[in-house]
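Trainee: here's my sequence, what's the structure:
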Amino acid sequence: MKDWDWDGEHEIFKRLVTEISLGSTQIHTDHKSSKWLKNCILHGNWEFASDNGDGHLTPDIVSKKYSIMIDVMRVNDQEKKKGKNATYARAAKIKPEIQRFQEQLGINVPTIINAVDTSTPTDEHHNYKRLVRNTKRVVQNHLSKIPQYKSNHPGFKTAFLIFNEANAYVDAKDYSKNSLLGHIVFPWNDKRLMENFVDSDLDWIIWYSPYTHVQITDPKDFDKSKFLSSTIGIINTSNIHLASLLTPNIKNMKSTES
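Mentor: This is a model prediction of the structure:
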């Protein structure tokens, strides 16, 4: 996993806005209200709760202009227990050394820390079942807070910005060391991930996956090949139809992280 030094909600949201503004990501919207939300993200005059110190009113980000509140959360496919992420631990050890090096050179740039333990198989690091389990835990925790959000901001719509730290997953019919044969299962098309939001008080989900990192090749037409560096899916929860979503074979789900 390549971990940008994004320490908080402000940094995650800022990166999201930048990617949308530059058109550097593939964006999926399922409804005209989702397209409207995308425009609001760019022009919402957003206020960040973290700027107001302790005692601020949750959730994380609010636009009074559009009466929208956004709660930011992170999900991953590595934690075996809550708060137990070996990659984060290794990155935390490396980070001070990198910061000292940057200070010596007088530079201040975004930091990428590749702290994966490559001595063990990929499935040990990136595991679809863990992504499903961790997403459910994190989402349910934040869903339980929506009544408080609505109390703090009456009449506002609510969106979850889910910072998905996993690479893309492929429902692989076949695979080798350097390639996967199958189709990508984007989070917004995955029944196991999306069923968490059915019958909730949430209005939208923003799936932000900056580490998609996959080269898509059409075996019938190599000219149609393209590289996806990141993906964003903006979904209106009233538009979730579980019967139309994918339920991939868990054993076939392979991370594109090589």
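
Trainee: how about residues contacting stretch 23-38?
Mentor: 18-20, 68, 159, 186, 188, 204, 206, 210, 212, 228-236, 239 (Cβ atoms under 8 Å, 6 or more residues apart in numbering). Backbone N, C-alpha and C define where each C-beta goes, glycine included.

Trainee: for the stretch 1-150 of the chain, which spans come out with low pLDDT?
Mentor: 1-7, 52-56, 81-99, 101-102, 106-125 (pLDDT under 70).

Trainee: one more pass at 90, please.
Mentor: 1-10, 44, 49-58, 79-126 (pLDDT under 90).

Trainee: tell me the SS of residue 40?
Mentor: helix (DSSP: H, G, I helix; E, B strand; the rest coil).

Trainee: dump the residue contacts of it.
Mentor: Residue 40 neighbours (Cβ under 8 Å, 6+ apart): 63, 66, 68.

Trainee: I'd like to know how many residues surround the first one.
Mentor: If I follow you right, that is residue 63. 18 (other Cβ atoms under 10 Å).

Trainee: cool, and the one 10 residues further on?
Mentor: Using other Cβ under 10 Å as the criterion, residue 73 is surrounded by 18 other residues.

Trainee: hmm, back to that, looking at the contacts of residue 40, which one is closest to residue 132?
Mentor: Of all those, residue 132 sits closest to residue 68, with 27.9 Å by Cβ to Cβ.

Trainee: test my guess that the closest one contacts residue 47.
Mentor: No. Applying Cβ atoms under 8 Å, one finds residue 68 not in contact with residue 47, separated by 11.0 Å.

Trainee: now the common contact residues for the two.
Mentor: Common neighbours of residue 68 and residue 47 (Cβ under 8 Å, 6+ apart) are residue 62.

Trainee: neighbour count winner among these two?
Mentor: residue 68 (22 against 16).

Trainee: quick check: bridge partners of residue 160?
Mentor: Judged by DSSP bridges, the bridge partners of residue 160 are residue 71, residue 205.

Trainee: distance of it relative to residue 214?
Mentor: Computed as Cβ to Cβ, to the nearest Å, the residue 160 to residue 214 distance reads 24 Å.

Trainee: for the two, indicate the residue with more neighbours.
Mentor: Under the neighbour definition other Cβ under 10 Å, residue 160 and residue 214 were set side by side, and residue 160 has more, 25 against 20.

Trainee: what's near enough to touch the more buried one?
Mentor: 70, 71, 72, 73, 139, 142, 202, 204, 205, 206.

Trainee: could you dump these into CSV with distance to residue 24 added?
Mentor: Converted to CSV, the contacts of residue 160 look like this (distance: Cβ to Cβ, whole Å):
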residue, distance to residue 24
70, 21
71, 25
72, 20
73, 23
139, 27
142, 27
202, 27
204, 22
205, 21
206, 16
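
Trainee: right, I'll call it a day here.
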